[in-house]
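>>> model this:
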Amino acid sequence: MRDDMTFVERVHRDLNDVRWAEPQEIRARARRRSRRTATLAAVAVLAALTGPAYALTARTTTPAETAVPIPSGTIASAGDIPQESLLTPSEVPVVTGVQLGDAGLGEVVRLDPMLQRCGDDRGVPEVRAYSRYSRSQTLLSPTDGGGPVRAELSQDVYRLDPAESGQLFAQLRALLDACRKWHYAGSITVDGETMPAEIAHSWETAASNFAGDESILMRHVPSAPLGPPAGRKLRPGGRVDTTLVLRVGDLVTVLVPGINLSLSDTDLKALGRAAAQRMCGAAVPSC
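Below is the predicted model of the structure:
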């Protein structure tokens, strides 16, 4: 009998040491799984509609983050982000097709993964900002032209605590200051052969304070990868990426135009102002 009691006591003690996920974390994980399933289903439908020519160009993203408990001290009147806070297809200066969207809790704010990699190399401390609520959309190109489907615009809107939104913009400015020029040594695959390569990256602030309470338009230019022998150009240079980051009250949006949107800085700033106006009604304080 004593052996049985010892076993029960040991099990009870071990159970006390188990870390049980918080309810917010469980809900965030479940929501993230359902969002991934819905996105994959939508892509599968598009692939069936467009045939073998289908190819969705996606920007490099960071690995999935572990959900964290939602920060305490939230503003009582600030809740979920309505769909009306995002840009509509008519406000984007290009014809679009399918609109994919999702919403989440406790998501990490995603900016530019390569810029953060440069910051790590340059010793800029990483400051991760976690949202209380988030809503995202991706506007795809029309599927009736017979060509591949492209992402014309992606937009994420996050609701943050005021302190975190300030840290986010301070972090972004620090990264842009540290990474005006950065050389990345790695490897690429050309014609089935993997070889060492070096790519020069540069980031610049193309405009700032053009919309909302805070705003930054940044441009990323990667060079052509160079490799042996004697710095041979392995393939053409990469595309120029532009990203808009704006804040209105406690809402922050990250806009990434597709590579086929040849928009001038004037057009991009106008797009940013339209996005800021969209967020006004749901922001705390409102505009």
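>>> could you pull out the strands for the stretch 151-287 of the chain?
151-159, 182-190, 193-208, 214-222, 226-227, 232-233, 241-248, 251-257 (DSSP state E, counting those that start in this stretch).
>>> Not counting the first one itself, show me its contacts.
Right, the one you point to is strand 151-159. Residues from elsewhere that reach strand 151-159, judged by CB atoms under 8 Å, 6 or more residues apart in numbering: 56-59, 78, 81, 85-87, 92, 94, 96, 107, 109-110, 129, 131-141, 250-258, 260-261, 275, 279. (Each C-beta comes from the backbone N, C-alpha and C, glycine too.)
>>> Check the fourth one too.
By CB under 8 Å, 6+ apart, the residues outside strand 214-222 that reach it are 112, 114-115, 165, 169, 172-173, 176, 199-210, 237-247, 265, 268-269, 272, 276.
>>> any idea of the angle it forms with strand 241-248?
Put simply, strand 214-222 runs at 170 degrees to strand 241-248, going by axes from the mean of the first three to the mean of the last three CA atoms, to 10 degrees.
>>> would you list every one of the helices in the chain?
For the chain, the helices defined by DSSP state H cover 2-17, 23-50, 113-122, 162-178, 265-279.
>>> tell me the mean pLDDT for the shortest one?
Mean pLDDT, helix 113-122: 94.
>>> Make 6 the starting number, not 1.
Noted, 6 is the first residue going forward, which turns the last one into helix 118-127.
>>> relative to strand 198-213, how tilted is that helix?
Comparing the axes of helix 118-127 and strand 198-213 via the same axes, to 10 degrees yields an angle of 100 degrees.
>>> Point out the one among the strands of the stretch 156-292 of the chain that comes closest to Gly124.
Gly124 lies closest to strand 187-195 among those, at 9.3 Å (CB to CB).
>>> who touches Leu177 in this structure?
116, 221, 223, 250.
>>> which residues does the last one bridge with?
According to DSSP bridges, the partner residues bridging Val250 are Ile221, Val259.
>>> any idea how far it lies from Gly102?
From Val250 across to Gly102, the span is 26 Å (CB to CB, to the nearest Å).
>>> For Ser213, which residues are in contact?
Ser213 neighbours (CB under 8 Å, 6+ apart): 220-222.
>>> switch the cut-off to 6 Å
Residues in contact with Ser213 (CB atoms under 6 Å, 6 or more residues apart in numbering) are Ile221.
>>> Any stretches of the chain with poor pLDDT?
By pLDDT under 70, the low-scoring segments of the chain are 6-82, 150, 234-243.
>>> Turn the strands of the stretch 156-292 of the chain into TSV, including distance to Ser291.
Below are the strands of the stretch 156-292 of the chain laid out as TSV (distance: least, CB to CB, whole Å):
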stretch	distance to Ser291
strand 156-164	13
strand 187-195	39
strand 198-213	23
strand 219-227	16
strand 231-232	51
strand 237-238	52
strand 246-253	9
strand 256-262	10
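>>> Tell me the spacing between the closest residue to Ala190 other than its chain neighbours and His225.
Leaving out its chain neighbours, the residue that sits closest to Ala190 by CB to CB, 6 or more residues apart in numbering is Glu203, at 5.0 Å. Distance, Glu203 to His225, using CB to CB: 17 Å.
>>> Also Pro233?
Distance of Pro233 to His225, computed by CB to CB: 26 Å.
>>> Those two: which is more packed in?
His225 (20 against 10; other CB atoms under 10 Å).
>>> Return the set of residues that bridge with the more buried one.
Trp208, Asp246.
>>> Check the gap between it and Cys292 for me.
Using CB to CB, His225 is found at 30 Å from Cys292.
>>> How about Trp208?
30 Å.
>>> ok, back up a step: of Val250 and Gly102, who's got more company?
Val250 (23 against 17).
>>> The more buried one touches Val259, doesn't it?
Yes: using CB atoms under 6 Å, Val250 is in contact with Val259, at 5.5 Å.
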